[in-house]
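[1] Please work out how this folds:
(3 chains)
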Amino acid sequence: MALRAALRAKSGLSGFLPQLSPCSSHGRVCVSPILIAQRRNSSTKIKVDFDQNTGVAVMHMQSPPVNSLSLDFLTELCIGVEKLEMDKGCRGLIITSNQPKVFSAGLDILEMYGKSPERCGEFWKAVQEMWLKIYSSNMVTIAAINGSSPAGGCLLAITCDYRIMADNPRFTIGLNETQLGIVAPFWFKDTMVNTVGHRNTEMALELGLLYSPSEALKIGLVDQLVPEDQVLTTAMQTMTKWLAIPEHARQITKSMMRKPTVDKLTSNREADVQNFVSFITKDSIQKSLCMYLEMLKRKKA
Amino acid sequence: MALRAALRAKSGLSGFLPQLSPCSSHGRVCVSPILIAQRRNSSTKIKVDFDQNTGVAVMHMQSPPVNSLSLDFLTELCIGVEKLEMDKGCRGLIITSNQPKVFSAGLDILEMYGKSPERCGEFWKAVQEMWLKIYSSNMVTIAAINGSSPAGGCLLAITCDYRIMADNPRFTIGLNETQLGIVAPFWFKDTMVNTVGHRNTEMALELGLLYSPSEALKIGLVDQLVPEDQVLTTAMQTMTKWLAIPEHARQITKSMMRKPTVDKLTSNREADVQNFVSFITKDSIQKSLCMYLEMLKRKKA
Amino acid sequence: MALRAALRAKSGLSGFLPQLSPCSSHGRVCVSPILIAQRRNSSTKIKVDFDQNTGVAVMHMQSPPVNSLSLDFLTELCIGVEKLEMDKGCRGLIITSNQPKVFSAGLDILEMYGKSPERCGEFWKAVQEMWLKIYSSNMVTIAAINGSSPAGGCLLAITCDYRIMADNPRFTIGLNETQLGIVAPFWFKDTMVNTVGHRNTEMALELGLLYSPSEALKIGLVDQLVPEDQVLTTAMQTMTKWLAIPEHARQITKSMMRKPTVDKLTSNREADVQNFVSFITKDSIQKSLCMYLEMLKRKKA
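    The predicted structure follows:
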């Protein structure tokens, strides 16, 4: 019922159809340091270009059609970030999209619908892991937002140190979970408060607002707007400036700013998983997700 | 002495004369869930129009001359909010004034002058109760601020989810307690910080600033300005948008944003009452209030 | 190495050469309440003009060339503030500079280079003491910023209640410690967050940003810009307005806003000293400071 209301509203998400192909039956992947050893397939959803001369890596998200954050995708992302983090030569990470019009459409709804509690929990741990790894990264992290970035896509962006967005009024960005009848958890909220302050976050999250690039710039949700074809080059130039800062001092300062927020999730991680699982597996929520997916199917057909 | 200074300053309050009629000798009213059973009189200070079709209630404050927040007024307000809260059909609450030029002049000074500590404590509990009920309401709450809104009137406004103010430069809004020689307690301050941030709150509260509508908009103390005769209709339209949001998700999100602030008062409620009573019953403060009231009498005469 | 990068960057500090004369061999001065009894020399680094009629004191910092915050300077400053604080007739304090083009260049690097851990600890206690005394002062404190104000100079400014800066685009202000390879401690950060919010602080501290006056005004790092020759007179006029506020209520309000931040340092003071000492006495940091000082010598020659 809640979702129907969301669909009537211009959620700006209608263009982002999660892939409705059956979920690939891969084995359970534990997102943790040992996760690397468990992976056998080569990366396909994310292409990493690492330039050893500059010390800058660019992650191109390339999971059609809309870079949905599935368990597979998140696992690859976390492995990729971890590899770069451990490489002393890599000092900066730019995250961008190879898909047209979209940075990332956010969490893959198919990972939340009709899945066992165990599987839902695993998925959620991967979402947590992505945030923990990037929000506390020693690398300089820049989001080159070359398309729309709702919900989990927005989370990915605000988890970085700096955000450059394409100045295309058709793109939107925001934590619009409420519009879908679901709730952004406390650490999405904390990251948002750290970025745009308490009052903007209250409005943004309660109404599930999606902002145009210029609105996003105005409240500080993104830091800079540039023409669409200059997003990546501007990110490169900005990275050069950040990397000119004495590194150790910058890292300690970043940790000082972000550690309290990181610690809050770290020390409540299991409870947060339980909370997500018990919410998402509710009959009412599953029913809503079902209706939402059927609507998307009809739209696609 | 402090108050004299405040009176010399343009506090913007000079027009708001508290009623100097003797305090009505009603029995002690405990503001609590059982309060409803204790009330016998029909509401007179607040008129509630509840439209079952839209699910929206409008509370018209109509306590001449300036909707001062007396114990009687607060008791009625709390009962009214509680009734609507328990009515499943009521999803939105708009608070506005039927008095000309003023939304609410704030706490009734007569409730703080020459009263017993017990009575002062009771009054303060009612102020707390109003804030607790509205700040944590499951309903969407919108303040339709069609006049000046100093001190407790401003608190009432910032306790709501959204604020629409009449764009009349003669109206002002702000937590100007300091100008009167009294101090906004920590939960007034917390609500203000949640609305306009730490630095704006520091300036606003230390200087007891009253803002014009355009200044208030600029710092985010109100969300929208409209011509005076469109305040209520705009509130209605805004309410429709808020009610289109999936309700359960919106309520959980609101609670996540506000619960830490609510819990802080809930777990310090008795100490906060003691603190208020011991401050307000001080000889120096009582003397100041006396002088202030005499000044108001002279002005009125 | 970090410092070399900082020097390549336009840190805006190149004009602020710490005095390279040998450190005066005064006895260890404990910055504490008993400190006054221990001082014998008359003030020379700070001139205090106290007008008993207005209740306003003006502190002119006059330690050539750039009002570096040395242990001697800080000791004098703390004694001066404490004297005024205890004088019931003094209600307002304006801090300004008698040196051309600079408010204060911040912490004296010579106090951190080649000194014993004990001496470094003593110095750091004096920095803490300055902040504690001014941030929690009962007086109204206004920074009349008539020149550049990097690092510790910026800290001194944001520790006051209000900041008026000369509108000269050649002046800069900011906590640029990171540019020098050192790190602003948590209470510098807390003061900055209280002034400009979390996100602005994150950017400012990670990048060691120095803002022009107009940029500083935009993010709220300063409150007002005026022509250079009107900084002090504007501070005087502003002070008159602040002193018109009922004093006791203003002081309680200020304490309510600032006490949590003050308590955080007070209860971690010794650990903060240890942290500073162990960081600054590291070989790598000492080496960086050495190279920085030699660069300054060459520049001066």
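
[2] Any idea which residue of the stretch 151-300 of chain A lies closest to chain B?
    Using Cβ to the nearest Cβ, the point where the stretch 151-300 of chain A gets nearest to chain B is residue A:181, with a distance of 4.0 Å. (Each C-beta comes from the backbone N, C-alpha and C, glycine too.)

[3] That residue: neighbouring residues, count only.
    Taking other Cβ atoms under 10 Å in any protein chain shown as the criterion, the count of residues near residue A:181 is 26.

[4] pLDDT wise, what is it at?
    Listed pLDDT for residue A:181 reads 90.

[5] With residue A:3 instead?
    For residue A:3, pLDDT reads 32.

[6] likewise the one 3 residues further on?
    Among the per-residue scores, residue A:6 shows a pLDDT of 33.

[7] what do you get for residue A:28?
    pLDDT, read off for residue A:28, is 32.

[8] Same question for residue A:76.
    97.

[9] Verify the contact between it and residue A:45 for me.
    Yes - under the criterion of Cβ atoms under 8 Å, residue A:76 makes contact with residue A:45 at 5.1 Å.

[10] Just want to know which of the two has more residues nearby.
    Taking neighbours as other Cβ under 10 Å, residue A:76 and residue A:45 compare with residue A:76 leading, 23 against 20.

[11] helix or strand for the more buried one, which one?
    helix A:71-86 (DSSP states H and E).

[12] In that helix, which residues have enough neighbours to count as buried?
    Using 16 or more other Cβ atoms under 10 Å in any protein chain shown as the test for burial, helix A:71-86 gives A:71-82, A:84-85.

[13] For the residue in the stretch 1-150 of chain A that chain C sits nearest to, which residues are in contact?
    Nearest to chain C in the stretch 1-150 of chain A, going by Cβ to the nearest Cβ, is residue A:140, at a distance of 8.6 Å. By Cβ atoms under 8 Å, 6 or more residues apart in numbering or on different chains, residue A:140 lies in contact with A:91, A:92, A:93, A:161, A:162, A:239, A:242, A:243, A:250.

[14] Just the helices from the stretch 201-301 of chain A, written as ranges.
    Secondary structure of the stretch 201-301 of chain A (DSSP state H, counting those that start in this stretch): helices at A:213-219, A:231-243, A:247-266, A:269-280, A:283-300.

[15] Redo those helices as TSV? Include distance to residue C:105 and mean neighbour count.
    Formatted as TSV, the helices of the stretch 201-301 of chain A follow (distance: least, Cβ to Cβ, whole Å; neighbours: other Cβ atoms under 10 Å in any protein chain shown):
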stretch	distance to residue C:105	mean neighbour count
helix A:213-219	34	18
helix A:231-243	24	18
helix A:247-266	19	18
helix A:269-280	45	16
helix A:283-300	59	15
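
[16] The host helix or strand of residue A:57 to helix A:71-86, inter-axis angle?
    Following DSSP H and E, the helix or strand that holds residue A:57 is strand A:56-61. Following axes from the mean of the first three to the mean of the last three Cα atoms, to 10 degrees, one obtains 180 degrees for the angle between strand A:56-61 and helix A:71-86.

[17] What pairs with strand A:56-61, parallel or antiparallel?
    strand A:46-51 (antiparallel), strand A:92-97 (parallel) (DSSP bridges).

[18] ok, residue A:64 - how many residues close by?
    12.

[19] thought it was touching residue A:101?
    No - contact between residue A:64 and residue A:101 fails when scored by Cβ under 8 Å: they sit 11.9 Å apart.

[20] re earlier: please identify the most buried of the strands paired with strand A:56-61.
    strand A:92-97 (a mean of 24; mean count of other Cβ atoms under 10 Å in any protein chain shown).

[21] quick one on the thing from earlier: ok, of the contacts of residue A:140, which one's closest to residue A:185?
    Nearest to residue A:185 among those, counting by Cβ to Cβ, is residue A:161 at 21.8 Å.

[22] and that closest one, how far is that from residue B:165?
    37 Å (Cβ to Cβ, to the nearest Å).

[23] which of the two has more neighbours?
    Taking neighbours as other Cβ under 10 Å, residue A:161 and residue B:165 compare with residue B:165 leading, 30 against 26.

[24] For the helix or strand hosting that one, list the C-alpha coordinates in CSV.
    Using DSSP H and E, residue B:165 falls within strand B:162-166. Extracted in CSV, the C-alpha atoms of strand B:162-166 (Å, rounded to 0.1, in the frame of the first residue of the first chain):
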residue,chain,number,x,y,z
TYR,B,162,7.4,22.1,8.6
ARG,B,163,6.9,25.8,9.0
ILE,B,164,5.1,28.2,6.7
MET,B,165,5.2,31.8,7.7
ALA,B,166,3.3,34.9,6.6
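
[25] average pLDDT across the helix or strand following it?
    Moving toward the C-terminus from strand B:162-166, the next helix or strand (DSSP H and E) is strand B:173-174. Averaged across strand B:173-174, pLDDT comes to 98.

[26] Stretch A:174-181 spans what distance, first to last residue?
    One end of stretch A:174-181 to the other measures 15 Å (Cα to Cα, to the nearest Å).

[27] what does stretch A:147-162 give?
    With Cα to Cα, one end of stretch A:147-162 sits 16 Å from the other.

[28] Report whether that stretch contacts chain C.
    Yes - residues of stretch A:147-162 contacting chain C under Cβ under 8 Å from any Cβ of the partner chain: A:161, A:162.

[29] ok, the residue of the stretch 201-301 of chain A found nearest chain C - how many residues close by?
    At 3.0 Å from chain C, residue A:246 is the closest residue in the stretch 201-301 of chain A, using Cβ to the nearest Cβ. Applying other Cβ under 10 Å, we find 24 residues neighbouring residue A:246.

[30] Please tell me I have it right and it contacts residue C:179.
    Yes - assessed by Cβ under 8 Å, residue A:246 is found in contact with residue C:179 at 7.1 Å.

[31] Helices of the stretch 1-150 of chain A, residue ranges please.
    Counting by DSSP H, counting those that start in this stretch, one finds helices in the stretch 1-150 of chain A at the ranges A:2-8, A:35-38, A:71-86, A:117-135.

[32] next one: the third one to chain centre, how far?
    This points to helix A:71-86. On the basis of Cα atoms, centre = their mean, to the nearest Å, helix A:71-86 sits 13 Å off its chain's mean C-alpha point.

[33] Check which helices and strands it sits against.
    Contacts defined by 3 or more Cβ pairs under 8 Å, 6 or more residues apart in numbering or on different chains; DSSP states H and E place helix A:71-86 against helix A:35-38, strand A:46-51, strand A:56-61, helix A:117-135.
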